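A.B. asks: Kindly return the folded structure for what I paste below:
(chains A and B)
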Number of protein chains: 2
Amino acid sequence: MNKKGLLFIISGPAGSGKGTIVSRVRELAQFDFSVSATTRAPRPNEENGVHYYFIDKAEFEHKIETGEMLEYAQYVGNYYGTPKKPVEDALAEGRNIILDIEVKGALQVKEKMPDAVMIYILPPDYETLLARIRGRGTETEEVIQNRMNEARTEIQTFPKYDYVVINDKVEEAAADVLSILHTERMRTSRNTDIKEKFFK
Amino acid sequence: MNKKGLLFIISGPAGSGKGTIVSRVRELAQFDFSVSATTRAPRPNEENGVHYYFIDKAEFEHKIETGEMLEYAQYVGNYYGTPKKPVEDALAEGRNIILDIEVKGALQVKEKMPDAVMIYILPPDYETLLARIRGRGTETEEVIQNRMNEARTEIQTFPKYDYVVINDKVEEAAADVLSILHTERMRTSRNTDIKEKFFK
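C.D. replies: Residues are numbered from 1 along each chain as shown, chains lettered A, B, ... in the order given. Modelled structure (predicted):
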């Protein structure tokens, strides 16, 4: 089979449980982490190159201009983004990568790397989504309603993804993601080396 | 999840072992059979609607003209083909179908039903293909060489399929096909009903 790794992009609204699924998938299969870059200051326990690549604003903006960022966004005055080179290097060496990113970033990545496999995680229904967002128990009703509105808006974008995984039970949803990985490896477009085996 | 069934098209050269895989897949998962139509005369043990739909040449050609044949071909003066309506009915009722057909027919089906999932079965390498074709033991060297040439020509078409399954061990290859089935059900394009669950 072809030795190139696969890039998985996983998104989902608050309450989808995608963080838990990604952790479980990483326990079950070999996936590389992608370390994000940011212009915010490191916190005491954070190490450069492990938690983030800490770079300054000028360098970050230079990387945006030269296309070295797969995706990026700004939050409260700081840049956050995914450097392209470590991802490309890992894929070229046959290692798989999961990026757990929000919708806007995901669509930026897909544009630059059309081979990426886009997975959208959803809770089984509206009531479960509401219960999960409410279940954190720390938010005011207004915050909960805002989260729900955001989630409902975000869910509209799911048709732009390749696959939708319903997270009813974490173990099953993680198995679904692994099934997608296994199946995507069988795509003819990822196995162009096969002809050589029959026409050497 | 969406209730529409999936149409699987399975092809592969002589020696690929696709017949064995299709049988095993049918033991492991619910798939409908598709009964072919033919203009050849029924053999003593053959029942109309079970082994084939036996129809005359005028009716077959009428079905071709009116687009009622998903695919068809001629062998030694007789037509053979897959009637469209039973396939469409089964899919509409949520049942999955596997069509085990050769490349030309497969491409005809894909054109008429772009949602079909195309799987090409291959032996692991050239030596195994040769050994399997030779292994039948009943053929002359000339026949074997012809079969190999046909297989090599046919293998060129595999990039037109969605997936390639390497048949090293039947049990693993059957599991691969089931993984494709499971994964294809998660395609966002097959789950357009999901929005209703969140925006009722």
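
A.B. asks: Spell out the residue ranges of the strands in chain A.
C.D. replies: Taking DSSP state E, the strands of chain A run over residues A:7-11, A:37-38, A:53-54, A:69-75, A:78-83, A:97-100, A:117-122, A:163-166.

A.B. asks: Please point out which parts of the fourth one sit buried.
C.D. replies: Neighbour counts over strand A:69-75 (16 or more other CB atoms under 10 Å in any protein chain shown) mark A:69-72 as buried. For glycine as for every other residue, the C-beta is placed from the backbone atoms N, C-alpha and C.

A.B. asks: Farthest-apart pair in those, please.
C.D. replies: Farthest apart among the buried residues of strand A:69-75 by CB to CB are A:Leu70 and A:Tyr72. That separation is 8.2 Å.

A.B. asks: what's the overlap in contacts for these two?
C.D. replies: Counting by CB atoms under 8 Å, 6 or more residues apart in numbering or on different chains, the contacts common to A:Leu70 and A:Tyr72 are A:81-82, A:108.

A.B. asks: A:Leu7: which of those is nearest?
C.D. replies: Out of the shared contacts of A:Leu70 and A:Tyr72, the member with the shortest distance to A:Leu7 (by CB to CB) is A:Thr82, at 10.5 Å.

A.B. asks: what's the distance between that closest one and A:Ile119?
C.D. replies: Per CB to CB, to the nearest Å, A:Thr82 is found 16 Å from A:Ile119.

A.B. asks: more crowded one of these two?
C.D. replies: A:Ile119 (28 against 22; other CB atoms under 10 Å in any protein chain shown).

A.B. asks: Contacts only, for that one.
C.D. replies: A:8-11, A:161-165, A:177, A:180.

A.B. asks: Got a ChimeraX select line for the buried ones in these?
C.D. replies: Command for ChimeraX, covering only those of these found buried under the criterion 16+ other CB under 10 Å:
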select /A:8,9,10,11,161,162,163,164,165,177,180
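
A.B. asks: Now render the contacts of A:Ile119 as CSV, adding distance to B:Ala92 and pLDDT.
C.D. replies: Shown next, in CSV, are those (distance: CB to CB, whole Å; pLDDT from 0 to 100):
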residue, distance to B:Ala92, pLDDT
A:Phe8, 33, 95
A:Ile9, 33, 96
A:Ile10, 33, 95
A:Ser11, 32, 94
A:Tyr161, 26, 96
A:Asp162, 24, 97
A:Tyr163, 23, 97
A:Val164, 22, 96
A:Val165, 25, 97
A:Val177, 30, 96
A:Ile180, 26, 97
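
A.B. asks: what's the closest of the strands of chain A to A:Leu28?
C.D. replies: A:Leu28 lies closest to strand A:97-100 among the strands of chain A, at 11.6 Å (CB to CB).

A.B. asks: Contacts for that closest one next, please.
C.D. replies: A:5-11, A:18-19, A:22, A:25-26, A:31-34, A:70, A:82, A:87, A:90-91, A:105-106, A:109.

A.B. asks: Stretch A:41-51 now?
C.D. replies: A:35, A:52, A:54.

A.B. asks: Against chain B, how distant is A:Asp176?
C.D. replies: 6 Å (CB to the nearest CB, to the nearest Å).

A.B. asks: about what we covered before: can you list which of the contacts of strand A:97-100 are found in helices?
C.D. replies: A:18-19, A:22, A:25-26, A:87, A:90-91, A:105-106, A:109 (DSSP state H).

A.B. asks: Filter the residues you listed down to the buried ones, PyMOL style.
C.D. replies: Only the buried entries of the ones in helices among the contacts of strand A:97-100 go into this PyMOL selection, using 16+ other CB under 10 Å:
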select buried, chain A and resi 18+22+25+87+90+91+105+106+109
